[in-house]
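Q: sharing a model prediction with you, sequence too.
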Amino acid sequence: MIQGVQINLISGDRLDKMTTMEKIRLILDDVIEGNIVVLETGLTPDEQSKLIEVTMLEITPDGFSGIEMETYAPKRSSSMGGGFFAKLLGKKGSGTRMTVIGPANQMKTIKKDKDLISAWVSSR
Amino acid sequence: MNLFLRTKKRLSRFVNAFFKKRQSRIGIYGPPNAGKTTLSNRIVRDWTGDALGPVSQIPHETRRARRKEGITISNQNGNSVTIDIVDTPGVTTKIDYQEFIEYGMEKDDAIKRAREATEGVAEAMHWLREDIDGVIYMLDSTLDPFTQVNIMLVGIIESRNLPVLIVANKLDLPDANPSAIRKAFPQHPVIPLSGLEGNNMDELYDKMLEYFG
Ligand SMILES: Nc1nc2c(ncn2[C@@H]2O[C@H](COP(=O)(O)OP(=O)(O)OP(=O)(O)O)[C@@H](O)[C@H]2O)c(=O)[nH]1
Ligand SMILES: [Mg+2]
């Protein structure tokens, strides 16, 4: 069940035109407001590293407590087992994976069920 | 010594200092509580007799990277390598001071610890991008290795082409499952050990000589 949460989809085309900091700001500004961001093409390892760093600087007591994030292989994979994981690692640096990012305090789980992304959000 | 020789000597010293490869800095990375400081302390104690930092069951005990310079590791075959060991704060994407209150801390202390922890994680990421030449990635082998933080961090380390050894720690615990870690990271050597009890350290040191030498 999703309550008053906006899910913002950002296309690969749009991401391609943005710098690292523009992407990070776009993601964090959205997530800090309580929204969930879906990036069609994911982030490079370097961008992920900077995202973690900037996320940490935004954390406040009783406010924003960080992010929860999940990446998905471009093609649907049937299990979450070793194959799925190996595929993620095998595609290092490609930045072609879809990535879902949300606020840590609201996201219980994010899962991909076949072609549908569902976000379960706790009603605080 | 004539001027020519003196100049030549000074020049070669300058050239050497300039081109001499500095000691490799080996970062001990991983999620909070994996046992990074326990292992760092053991490595530093085994080869120098000192220690690096305090250990705690409460996560985010390490909130500043700590470096110990010039640790020379050697084996019977006469191989040796001199490295710096950098114990880093546990990496995560979220920190909530409430977690520390659950460990029995006062609110003010918990808030302070959380703030320092966020700075520590940011610092650890910065070191990884700028100053680290090799990584020992620590995992608690009683826990599921398939977490987003582990996926991301190993991906970041791989994208920098750094040599990496994975330690499946806490082997002394009954539900330790190093084979899950092997399955998760088939592309890297996995060394099962107990940093607390110090078993299987020789395998780690041999691999460190091989990978960081
Ligand atoms: N049973 C067991 N416990 C361990 C082992 N290594 C570390 N621990 C315990 O795990 C807890 C965390 O150890 P630390 O060395 O502080 O872990 P850390 O990775 O440095 O943690 P942070 O600095 O908070 O990220 C402590 O209670 C240690 O005693 C081990 O090999 N076996
Ligand atoms: Mg520590």
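A: Perfect, I can see it now. Numbers count the residues shown, from 1 in each chain, chains lettered A, B, ... in the order given. Ligands and ions are numbered 1, 2, ... in the order given.

Q: element containing B:Thr7, please.
A: helix B:3-19 (DSSP states H and E).

Q: tally of neighbours for the residue of chain A found nearest ligand 1?
A: Nearest to ligand 1, among the residues of chain A, is A:Met56, at 13.8 Å (Cβ to the nearest ligand atom). Heads up, the C-betas are built off the backbone N, CA and C, glycines and all. Residues within reach of A:Met56, counting by other Cβ atoms under 10 Å in any protein chain shown, total 25.

Q: so it versus A:Ile67, what's the distance?
A: 10 Å (Cβ to Cβ, to the nearest Å).

Q: re earlier: and the residue of chain A closest to ligand 1, what is it in contact with?
A: A:Gly66, B:Ile95, B:Thr118, B:Glu119, B:Val121, B:Ala122 (Cβ atoms under 8 Å, 6 or more residues apart in numbering or on different chains).

Q: which of these has the most neighbours?
A: Tallying neighbours with other Cβ under 10 Å puts B:Val121 at the head of the contacts of A:Met56, with 28 neighbours.

Q: where does it land in three-state SS?
A: The three-state assignment at B:Val121 reads helix, by DSSP: H, G, I helix; E, B strand; the rest coil.

Q: on that earlier part again, the residue of chain A closest to ligand 1: which element?
A: helix A:45-58.

Q: find the closest residue to chain B in chain A.
A: A:Gly66 (2.9 Å; Cβ to the nearest Cβ).

Q: ok so, going back, which among the contacts of A:Met56 gets closest to ligand 2?
A: B:Val121 (12.0 Å; Cβ to the ion).

Q: my read: A:Ala104 touches A:Gly66, true?
A: Yes - counting by Cβ atoms under 8 Å, A:Ala104 does reach A:Gly66; the two are 4.3 Å apart.

Q: now the common contact residues for these two.
A: Shared contacts of A:Ala104 and A:Gly66, counting by Cβ under 8 Å, 6+ apart, come down to B:Thr93, B:Lys94, B:Asp96.

Q: kindly provide the whole-number mean pLDDT of stretch B:119-139.
A: The pLDDT scores in stretch B:119-139 average 97.

Q: for the residue nearest the centre of chain B, report the pLDDT, please.
A: For chain B, the residue nearest the mean C-alpha position is B:Ile28 (0.8 Å; Cα atoms, centre = their mean). We have a pLDDT of 98 for B:Ile28.

Q: assign B:Val86 to helix, strand or coil.
A: Applying three-state DSSP: B:Val86 is strand.

Q: tell me the contacts of it?
A: B:Arg25, B:Ile26, B:Gly27, B:Ile28, B:Ala65, B:Arg66, B:Arg67, B:Trp127, B:Asp131, B:Ile132 are the contacts of B:Val86 under Cβ under 8 Å, 6+ apart.

Q: for chain B, what lies in contact range of ligand 2?
A: With Cβ under 5 Å from the ion as the criterion, chain B meets ligand 2 at residues B:Lys36, B:Thr37, B:Glu61, B:Thr62.

Q: let's see if you can find the most crowded of those residues.
A: B:Lys36 (30 neighbours).

Q: now that one: how far from ligand 1?
A: Going from B:Lys36 to ligand 1 by Cβ to the nearest ligand atom, to the nearest Å gives 3 Å.

Q: in chain B, mark out all the strands, start to finish.
A: B:24-29, B:66-74, B:80-87, B:134-140, B:164-169, B:190-192 (DSSP state E).

Q: turn these into a markdown table, including distance to B:Pro54.
A: A markdown table is the format used below for the strands of chain B (distance: least, Cβ to Cβ, whole Å):
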| stretch | distance to B:Pro54 |
| --- | --- |
| strand B:24-29 | 15 |
| strand B:66-74 | 10 |
| strand B:80-87 | 11 |
| strand B:134-140 | 17 |
| strand B:164-169 | 17 |
| strand B:190-192 | 24 |
